[in-house]
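**Q** Structure of the sequence below:
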Amino acid sequence: MIKYFDGGMGTMLNLKAGELPEKLNITDPDRVLAVHMAYAEAGADIITANTFGANPLKYGNCAELVRAGVRLAKQTGKKVALDMGPTGKLLRPMGDLDFEECVSLYAEVVKAGRDDADLILIETMGDTYEIKAAVLAAKENSDLPVFVSMIFDEKGRLLTGADVKTAVAVCEGLGVDVIGFNCGLGPEQMIPLVRELRECASVPIMVNPNAGLPESVNGCTVYNVTPDEFAGYMTEIANIGVSYLGGCCGTTPEHIRKLIAKTKNIPDSVPEFKHTTLVSSYSECVELGRKSAVIGERINPTGKKLLKEALRSGDMDYILKEGITQRECGAHILDVNVGLPEINEVQMLSDAVYQLQSVLPTPLQLDSSDPVAMEKALRIYNGKPMINSANGKEKSMAEIFPLAKKYGGVVVCLCLDENGIPEDAQSRIEIAKKMIDTAAKYGIDKKNLVIDALTMTISTNQQNAVETLKVVDYCKNTLGVNTVLGVSNISFGLPNREVVNTAFYTQALGAGLSGGIINPKSQSMMNAYYSFNALAGLDDNCSEYIASAVAVETAAPVGTEITLQQAIIKGMKEESSVCARELLKNTEPLNVINNHIIPALDTVGDGFEKNKLFLPQLLMAADSAKAAFDEIKRTLVSNGTPQVKGDKIIIATVEGDIHDIGKNIVKVLLQNYGFDVIDLGKDVKCETVLEKTVQHGAKFVGLSALMTTTVPNMEKTIKLIHENTDAKVFVGGAVLTKEYAKMINADYYAKDAMESVRIAQQFFGRE
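**A** Next up is the predicted model:
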């Protein structure tokens with residue numbers, strides 16, 4: 001039968017201004033226990049400890065609060081979930097929180113609460129990287145089941161861009177036990193997301209929506225879905241097929257009671273196991289199997305003199321350019337190999353992965369024969385990568401398979417063992433079978449394996465291509481496991497290698513190749529790829545083939561220098577600095593801003609608003625624009641030219657709210673558009689906002705709130721500003737809607753960071 005979580009805690013506690021809910025575990029435990037008991041009496045099977053925000057960033061030493069919170073929930077006699085919410089910060093490179101520091105923060109919470117908890121609930125998460133940090137902390141410090149519940153917007157995206165399928169790839173790769181949704185949306189809005197989750201998940205599903213969308217009534221925040229309406233929508237969700245139901249903001253014991261009454265006879269339903277092979281970054285997912293993926297081979301020093309020089313000198317910009325160019329040429333996944341004897345591969349591989357993920361959403365194939373380098377890169381990778389590689393040697397499998405199990409990934413399995421590479425197909429197939437069986441013993445299903453049949457040059461043996469293709473065909477069509485090949489190896493020692501490579505690639509695609517490691521900058525190879533897909537019925541209306549043909553006709557010549565606009569759009573900070581310096585030699589600073597920087601930011605902003613680009617790209621472009629602005633500032637200082645400050649805008653997260661991710665993003669973008677932003681920080685008293693508004697003579701004020709319980713403070717701040725100044729106020733935050741903003745008398749509502757820029761431009765007449 002379906003198991004039931006409790007409902008909202010913060011909205012039940014009726015918090016006063018400035019009251020922090022987790023502190024009540026010690027200062028007023030009876031108040032917290034009363035809420036827990038009310039949910040237990042309503043029929044909830046799982047009580048969520050009042051530890052959502054009890055992390056070291058917010059409270060310093062939080063262990064006592066966590067232990068007290070878990071023990072209070074334990075008094076209900078029900079199962080207890082140790083609750084861990086987001087830290088309120090973005091991780092590097094988008095923010096300033098280091099990944100390992102984030103793991104450590106969550107580890108402190110896990111250690112404090114694990115003894116009295118029955119499961120760990122990681123909830124209200126909008127970033128796959130923070131999910132990874134929390135899951136690793138949970139698994140490295142306890143044996144408890146791990147539930148992950150995410151907050152998607154109505155477009156079906158996390159804050160940092162992942163869709164449902166991508167988020168599932170990451171979570172299931174990390175071995176999460178239950179996946180689901182909470183907060184942000186009401187039950188009606190979650191229905192299509194639950195259907196989508198059901199289609200791609202292989203683990204049990206949980207759904208804990210808000211009681212609809214918030215409204216302000218007589219200065220109080222209320223939610224617009226009644227217990228009966230909530231139960232009705234949740235019945236539809238239950239019938240889609242879930243294992244856990246409950247509520248989030250605005251839900252009460254009555255919501256849970258009605259929910260249970262309506263759905264208690266609906267059996268729980270775990271999604272059927274999906275055999276889909278998924279590789280992902282933080283925001284993009286590649287499925288191997290339906291049609292072949294292009295895996296870019298250019299970030300590999302073998303036979304590449306310039307890349308070797310770049311690796312020796314630490315020229316990361318060269319590596320980034322190779323990655324960007326390959327993506328633009330059609331690569332779906334990028335192979336990343338930095339192995340040179342004379343460099344520190346352990347550090348270089350991690351650095352390359354970090355930098356590439358700073359500018360590209362393309363999934364990566366981590367390529368190393370050093371298990372130490374592989375683990376370090378796997379740990380900081382944001383997504384579910386390909387792992388290149390393991391082989392049939394017992395030592396190799398013992399080193400790589402545990403890493404794949406812990407961190408999640410799709411392992412490339414090379415058909416060689418202690419006796420080397422067999423010449424015949426059957427012997428390679430036997431090695432593939434052994435690796436599949438061994439991986440299963442580590443708990444790795446064959447959907448997370450791809451077999452590399454190994455391409456040997458035909459210049460030494462005429463049968464090499466034939467034998468390799470036999471392995472590809474057998475693995476794909478008989479063993480039911482995906483395949484990959486390093487295609488260009490087929491032509492070593494021959495003239496006109498590209499002709500041979502292209503012919504072999506076409507043959508391999510016909511044999512069922514799932515991923516070809518090729519040079520996407522080779523026009524003949526990409527022509528073969530797009531032509532094959534069109535001929536094989538894998539390209540609807542030949543749209544990709546036609547698009548590729550048009551792209552070739554309009555492509556810039558190879559070697560064309562990148563412009564400042566392009567550098568900003570691509571998020572290349574170093575290149576932005578270089579381009580800006582060059583422009584400033586012959587161009588006035590104001591012209592550089594108006595004709596290069598602002599148009600680039602507008603392009604990225606337009607892509608963001610159209611859901612073509614996501615928050616990471618937006619922030620990386622902003623960082624690159626800042627690098628260009630820094631060059632302009634240096635030029636103005638050296639010339640003795642006074643810097644002109646832009647229109648002033650005050651921004652703050654309201655009193656009682658310590659979440660400032662949204663505010664910080666708004667700050668960066670407004671500054672890049674030339675506004676003089678005065679950031680008052682988080683948990684700012686309304687009197688302080690007024691004082692600073694008057695002090696700076698600001699005419700525009702931005703207020704942020706993430707927590708429902710702090711929205712009344714936003715309303716109070718707006719009232720104070722309107723009564724004492726002629727400044728206008730714009731507001732934003734996850735708990736707000738346009739209607740709600742109007743109810744609390746805000747002058748403008750910004751649904752996201754780019755909307756804040758547009759509103760500011762409109763207000764100051766810059767449109």
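
**Q** Which helix runs longest in this protein?
**A** helix 615-639 (DSSP state H).

**Q** per-residue confidence averaged over that one?
**A** In this model, helix 615-639 carries a mean pLDDT of 87.

**Q** Show me which residues of it are buried.
**A** Buried positions in helix 615-639, judged by neighbour count with 16 or more other CB atoms under 10 Å: 615-629, 631-632, 635. C-beta coordinates here come from the backbone N, C-alpha and C atoms, glycine included.

**Q** Same question for stretch 339-353.
**A** Neighbour counts over stretch 339-353 (16+ other CB under 10 Å) mark 339, 343, 345, 346, 348, 349, 350, 351, 352, 353 as buried.

**Q** Of these, which belong to helices?
**A** Per DSSP H, those map to helices at 345, 346, 348, 349, 350, 351, 352, 353.

**Q** All the strands of the stretch 501-650 of the chain, in order from the start?
**A** Assigned by DSSP state E, counting those that start in this stretch, the stretch 501-650 of the chain shows strands spanning 515-518, 648-653.

**Q** Which of those has the lowest mean pLDDT?
**A** Here the lowest mean pLDDT among the strands of the stretch 501-650 of the chain goes to strand 648-653, at a mean of 94.

**Q** what does that strand rub up against?
**A** If you take CB atoms under 8 Å, 6 or more residues apart in numbering as the criterion, strand 648-653 is touched by 659-660, 663, 666-667, 670, 675-684, 688-689, 692-693, 696-706, 727, 760.

**Q** low-scoring stretches of the stretch 151-300 of the chain, by residue?
**A** Within the stretch 151-300 of the chain, the stretches with pLDDT under 70 are 219.

**Q** my bad, should have said the stretch 301-450 of the chain
**A** For the stretch 301-450 of the chain, no stretch is flagged by pLDDT under 70.

**Q** which residue ranges form the strands in it?
**A** Under DSSP E, counting those that start in this stretch, the stretch 301-450 of the chain gives strands at 333-336, 364-367, 386-391, 410-414, 449-452.

**Q** Filter the contacts of strand 648-653 down to the ones in strands?
**A** Members of the contacts of strand 648-653 lying in strands (criterion: DSSP state E): 676, 677, 678, 679, 700, 701, 702, 703, 704.

**Q** Need the pLDDT of residue 41.
**A** For residue 41, the predicted pLDDT is 98.

**Q** That one: what's it in contact with?
**A** Applying CB under 8 Å, 6+ apart to residue 41 gives the contacts residue 253.

**Q** one step back: buried subset of the contacts of strand 648-653, written for PyMOL?
**A** In PyMOL, a selection of the buried entries from the contacts of strand 648-653 looks like this (16+ other CB under 10 Å):
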select buried, resi 659+660+663+666+667+670+675+677+678+679+680+682+683+684+689+692+693+698+699+700+701+702+703+704+705+706+727+760
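
**Q** Take the strands of the stretch 501-650 of the chain and write them to a markdown table, including mean neighbour count.
**A** Rendered in a markdown table, the data for the strands of the stretch 501-650 of the chain read as follows (neighbours: other CB atoms under 10 Å):
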| stretch | mean neighbour count |
| --- | --- |
| strand 515-518 | 26 |
| strand 648-653 | 26 |
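
**Q** how about a markdown table for these, with distance to residue 374 added?
**A** Shown next, in a markdown table, are these (distance: least, CB to CB, whole Å):
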| stretch | distance to residue 374 |
| --- | --- |
| strand 515-518 | 17 |
| strand 648-653 | 40 |
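
**Q** Please name whichever of these is nearest to residue 217.
**A** Among these, the nearest to residue 217 by CB to CB is strand 648-653 (23.6 Å).

**Q** could you give the angle of that closest one to strand 700-704?
**A** 20 degrees (axes from the mean of the first three to the mean of the last three CA atoms, to 10 degrees).

**Q** check contacts around the one residue sitting closest to the centre of the chain.
**A** By CA atoms, centre = their mean, the mean C-alpha position of the chain lies nearest to residue 282, the distance being 3.4 Å. Residue 282 sits next to 127-129, 160-162, 166, 170, 357, 361, 382-383, 616 when contact means CB under 8 Å, 6+ apart.

**Q** what would the strands of the stretch 301-450 of the chain look like in JSON lines with distance to residue 14 and mean neighbour count?
**A** Shown next, in JSON lines, are the strands of the stretch 301-450 of the chain (distance: least, CB to CB, whole Å; neighbours: other CB atoms under 10 Å):
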{"stretch": "strand 333-336", "distance to residue 14": "51", "mean neighbour count": "26"}
{"stretch": "strand 364-367", "distance to residue 14": "48", "mean neighbour count": "27"}
{"stretch": "strand 386-391", "distance to residue 14": "50", "mean neighbour count": "26"}
{"stretch": "strand 410-414", "distance to residue 14": "49", "mean neighbour count": "28"}
{"stretch": "strand 449-452", "distance to residue 14": "53", "mean neighbour count": "28"}
